[in-house]
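Chemist: Any chance you can model this:
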Amino acid sequence: MEENSAADNLRSRMQALRSDVSLEMERTIANARAALDWRRFVAFHPWLCLGAATAVGYLLVPKRSRYVQPTPEALAELARARHVTLMPQQAAQGNMTGSVLGIVANAIARRAVAAAVDYTDQLLRARAERHHGSFSGKVTER
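Modeler: Coordinates of the predicted model:
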């Protein structure tokens with residue numbers, strides 16, 4: 001009988017240990033979830049989170065560009081170092097003439113297209129008047 005009571009005593013202690021281990025495991029899981037919950041962390045440490053966010057933003061945003069106005073001598077030195085050939089003043093004036101001619105040619109081409117559209121519109125209106133009577137260009141409901 002002592003063997004049965006010792007065995008029962010051992011079983012009850014084992015059952016108690018299992019329930020303690022299960023309870024401890026649940027507590028550990030709950031604590032781990034709480035530790036990894038960023039909302040809870042922000043609620044408990046708002047200033048730390050604000051500082052961290054500010055630091056990350058400062059590191060991620062690129063710095064402003066600095067504008068430098070170099071001297072003509074510095075530009076000439078840079079051109080020599082980079083093997084850049086500068087155009088003489090006369091060639092630059094030739095480019096200006098080409099630019100002006102390009103603008104004038106563009107204006108003439110636009111005017112020619114506009115004239116062709118107007119002429120086509122007049123022809124289509126005249127044809128519509130011959131077939132359907134006067135055409136005002138407005139649609140009316142019947």
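
Chemist: Can you give me the domain assignment for the chain?
Modeler: With domains defined by automatic domain parsing, the chain comprises 1-63, 87-137.

Chemist: Pick out the shakiest of these, pLDDT-wise.
Modeler: Across those, domain 87-137 has the smallest mean pLDDT, namely a mean of 80.

Chemist: which residue is nearest the middle of the protein?
Modeler: The centre of the chain sits closest to residue 61, judged by Cα atoms, centre = their mean, with a distance of 13.4 Å.

Chemist: how far away is that residue from residue 80?
Modeler: Distance, residue 61 to residue 80, using Cβ to Cβ, to the nearest Å: 36 Å. Any C-beta I mention is one placed from the backbone N, CA and C, and that applies to glycine too.

Chemist: swap in residue 56?
Modeler: Relative to residue 80, and taking Cβ to Cβ, residue 56 is found at 44 Å.

Chemist: Also residue 33?
Modeler: Applying Cβ to Cβ, the value for residue 33 to residue 80 is 67 Å.

Chemist: Report the contact partners of residue 28.
Modeler: Neighbouring residues of residue 28 by Cβ atoms under 8 Å, 6 or more residues apart in numbering: there are none.
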